[in-house]
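Engineer: prediction below, plus the sequence it came from.
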Amino acid sequence: SGMLKYILPDVHSLKDVTEFDKDKTSFLDHTFNVVDSVFPQLENRLAALMHDVGMVVDATARMDVDEFSADCAYDLLKEMGYKKKTCINVSMAIQYHHYFSMYMDGVTPNTKRIKKFMEICDDEFPLVLDLMNAENKCSKIDPKPRQVLKILKKIEELQNEEENKKNELILPVNGNDIMKELGLGKGHMVGHLMKKLKNKFKENSEMTREECVAYAKKVYESVKDKA
């Protein structure tokens, strides 16, 4: 329609900046490709549309440009009347969509790096990863079509580990408590009693500390002469 230069002149100016010299692909062409590659949802499309606006100023210092583009996007969206939450989410997606750029395609980032990413992005990490994935697939300079799949698989593993920890039953007593209550020293007997107690606790997770100790004593009395 020819209206882009009036509505979003910063985005329109990307037509004058070249992403790939060999075929003269402009950052505006790249931007449209990324827009077509993200999920068809408002925040995803806005993040894709504005993710490279900082390239008009400097197309060489990528990480600094990401932060600058994020700030520009926030201000533009705020001026256009978008909700603060939308402005924040879009800005964050732009700022961190190169967070794993140092890793080669097909290489899974280390756990520490992924946990830090999830901590920064919190519940909005799917939005950031969607922009990252679209950028990786559309980039002619450094395409990484498999990277986000590797990251998602690792995130799923970490989330399952956290869920398992939450669901793990916590006994109201430990081995030291059993040793003290029964007058036992360290050894296989304590391990045996704790194993029996854990199995019993799975059947009745409402057992109190006193009930756990009583059960351990009962088991101990039945096996101590056989030990």
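Structural biologist: Yep, it's here.
Engineer: sec struct for the residue nearest to Asp142 when sequence neighbours are not counted, please.
Structural biologist: With sequence-adjacent residues excluded and distances taken as CB to CB, 6 or more residues apart in numbering, Asp142 is closest to Ser101, at 7.6 Å. Yep, even glycine has a C-beta here, placed from its N, CA and C like the rest. Classification of Ser101 using DSSP: H, G, I helix; E, B strand; the rest coil returns coil.
Engineer: okay, now Ser101: neighbour count?
Structural biologist: For Ser101, the neighbour count with other CB atoms under 10 Å is 16.
Engineer: low-confidence ranges, this structure, go.
Structural biologist: 20-22, 57-63, 166-167, 225-227 (pLDDT under 70).
Engineer: mind listing what's buried in the top helix by length along it?
Structural biologist: In terms of residue count, the longest helix belonging to the chain (DSSP state H) is helix 147-167. For helix 147-167, burial by neighbour count (16 or more other CB atoms under 10 Å) applies to Gln147, Val148, Lys150, Ile151, Lys154, Ile155.
Engineer: using TSV, lay out those together with distance to Lys116.
Structural biologist: Shown next, in TSV, are the buried residues of helix 147-167 (distance: CB to CB, whole Å):
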residue	distance to Lys116
Gln147	17
Val148	17
Lys150	16
Ile151	12
Lys154	13
Ile155	12
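Engineer: between those, which is nearest Gln41?
Structural biologist: The nearest member of the buried residues of helix 147-167 to Gln41, counting by CB to CB, is Val148 at 16.7 Å.
Engineer: residues contacting the closest one?
Structural biologist: Leu129, Met132, Asn133, Asn136 (CB atoms under 8 Å, 6 or more residues apart in numbering).
Engineer: what about the residues you listed, which are in helices?
Structural biologist: Filtering the contacts of Val148 for helices - DSSP H - leaves Leu129, Met132, Asn133, Asn136.
Engineer: which one is the second one nearest to, not counting chain neighbours?
Structural biologist: Nearest residue to Met132, sequence neighbours excluded (CB to CB, 6+ apart): His97, at 4.6 Å.
Engineer: the one you found - how many residues pack around it?
Structural biologist: Neighbours of His97 (other CB under 10 Å): 26.
Engineer: quick one: Pro109 from Arg146, how far?
Structural biologist: According to CB to CB, to the nearest Å, Pro109 stands 13 Å off from Arg146.
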